[in-house]
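Peer 1: Pasting the sequence and the predicted model now:
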Amino acid sequence: LGPCAGGAVYSPAMTDFIFMVREHSHMFITGPDVVKTVTGEEVTLEELGGAQSHASKSGIATFVADDEEACLDDVRYLLSFLPSNNLEEPPRFAPSDDPQRSTPELRDLIPASPNQPYDMHKVIEAVVDDGDYFEYHAAWAQNILCCFARLDGEPVGIVGNQPMHFAGVLDIESSEKAARFVRTCDAFNIPLVTFVDVPGFLPGVEQEYGGIFYRNVKASGVTPQISVIMGPCAGGAVYSPAMTDFIFMVNETSHMFITGPDVVKTVSGEEVTLEELGGARSHSTKSGVATHVSPDEESCLDDVKYLLSFLPANNLEEPPRYQPTDDPERRSERLRDILPVSPNMPYDMKEVIAEVVDDGDFFEYQAAWAGSIVCGFARIDGRPVGIVGNQPMQLAGVLDIESSEKAARFVRTCDAFNVPLITFV
């Protein structure tokens, strides 16, 4: 709220969030007079340690307000997203925005061409409850966006590349900004949603592995990490989403690859299209990288919201239970017709699952990969469950390497987030 000079700056610099007020707040170790005496350089108090300097250049100030009243209002707003400590859950509010609403405006926001920029702020506004989000380090490293928001009343942390700045390419500052934010969300049990549209990384390998990647690993199994590939994701930038729990891609829009078609042709002589190399279909049917694929951005983000309805905010919380609309005591007479008398006759395991779970709703995991086993989330008596079942319609349900890996990934995820498992063998 005023000057903070000398050794006194070290304490606030080590806190999670720093709020400053324009033209009132100043932070510096040595003042303008000392700087001039030692270096001969003339600098104003505002240039040296003002709110704008620390918000846009040093990255020290997390939030900047125009006056003290607005500053304290922002502090209260931030606290509405955070638990009191790392053993508590983030505060949930009854949503005033319908979590099932459609977002047709996304069709116009995201261009067909990957070379055409768009504003990630508008994408976030369309997705989160009431369009409200609280941006973190808004004026620093603007090629990536970080913010707190709510989905169905639950606090979430959002990280998104910003194509309007440097095409969303990550440099050292934006990598550090994202790493700080992920670390904070991890510490306070806040799940993460990531919108990925990035041509690649600018910093060196040390920064990549010591920054965002390290935080991805630290948060693994602690808070759900979801990556939504909104466009191209190339080079070293693919490693971060690849380490998250779920990857959503959009047909003919999302692409993930380390080296592009031109490099592949130069090195191996092989001609391959962008879609064949790293498109949604390739990663959902061949590599197994994409856990969910949607026909367009709107349905993709609807699927993200649906997935979050099955998961807790972190590994200390129970999955969200809903009042069941399906009678848990009902009989499933149809199972007699689905299951054949002969063990040599195939049947569709998905029909069995649909008959057993609430309202027949089943959210399949990696539906197009390793088809001899079926995995997904559903509800029984309103409680989320993970379901694993051999699929007799594919290779007689025999397990191979890919289906074993698929099931192992899914079981590990359910185990991390306290989702009980039902297995149909």
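Peer 2: Received, thanks. If you're wondering where the values come from, they're calculated on a predicted model, not measured in any experiment. Numbering: from 1, shown residues only.
Peer 1: Number of residues surrounding A367?
Peer 2: The number of residues packed near A367 is 17, by other CB atoms under 10 Å. Quick note: C-beta positions are derived from backbone N, CA and C, even for glycine.
Peer 1: P117 now?
Peer 2: 15.
Peer 1: cool, E47 as well?
Peer 2: With other CB under 10 Å as criterion, E47 counts 12.
Peer 1: cool, D98 as well?
Peer 2: Around D98 there are 9 residues (other CB under 10 Å).
Peer 1: Just the pLDDT at it, thanks.
Peer 2: What the model reports as pLDDT for D98 is 88.
Peer 1: and if you look at V9?
Peer 2: Among the per-residue scores, V9 shows a pLDDT of 86.
Peer 1: Surely it is within a helix?
Peer 2: Yes - under DSSP: H, G, I helix; E, B strand; the rest coil, V9 falls within a helix.
Peer 1: what's the closest non-adjacent residue to it?
Peer 2: M27 (5.1 Å; CB to CB, 6 or more residues apart in numbering).
Peer 1: I figured the one you found hits G7, correct?
Peer 2: No - applying CB atoms under 8 Å as the test, M27 and G7 come out as separate, 11.9 Å apart.
Peer 1: the more surrounded of the two?
Peer 2: Shown here are M27 and G7; by other CB under 10 Å, M27 has more neighbours (22 against 7).
Peer 1: Next up, phi/psi of that one, please.
Peer 2: Note on M27: backbone dihedrals following degrees, to the nearest 10 are phi -130, psi 120.
Peer 1: ok, S84 - how many residues close by?
Peer 2: By the criterion of other CB under 10 Å, S84 has 11 neighbours.
Peer 1: for it, what are its contacts?
Peer 2: Contacts of S84 were listed using CB atoms under 8 Å, 6 or more residues apart in numbering, and none were found.
Peer 1: distance of N344 from P392?
Peer 2: N344 is 10 Å from P392, where distance means CB to CB, to the nearest Å.
Peer 1: neighbour-wise, which of these two wins?
Peer 2: Neighbour totals were compared for N344 and P392, and P392 leads with 20 against 7 (other CB under 10 Å).
Peer 1: The more buried one is in contact with E351, isn't it?
Peer 2: No - using CB under 8 Å, P392 is not in contact with E351, being 10.9 Å away.
Peer 1: G386 sits in which helix or strand?
Peer 2: Element membership for G386 (DSSP states H and E) is strand 383-390.
Peer 1: Are we agreed that V341 is in a helix?
Peer 2: No - using three-state DSSP, the assignment for V341 is coil, not a helix.
Peer 1: For T223, see how far away it is.
Peer 2: 47 Å.
Peer 1: How about A126?
Peer 2: Distance of A126 to T223, given as CB to CB: 23 Å.
Peer 1: Look at those two and report which has more neighbours.
Peer 2: T223 (27 against 18).
Peer 1: any idea how far that one is from W369?
Peer 2: Taking CB to CB, one finds T223 at 25 Å from W369.
Peer 1: now swap in L316 and tell me
Peer 2: Distance of L316 to W369, computed by CB to CB: 31 Å.
Peer 1: more crowded one of the two?
Peer 2: W369 (20 against 15).
Peer 1: hang on, that one in a strand?
Peer 2: No - counting by three-state DSSP, W369 falls outside a strand, being coil.
Peer 1: Excluding chain neighbours, give the residue nearest to it in space.
Peer 2: If the residues on either side of it in the chain are set aside, W369 comes closest to G288, at 4.4 Å by CB to CB, 6+ apart.
Peer 1: Can you name the residues that contact the one you found?
Peer 2: Counting by CB under 8 Å, 6+ apart, G288 has contacts Q366, W369, A370, E402, E405, K406.
Peer 1: Having no further points to raise, I will conclude here.
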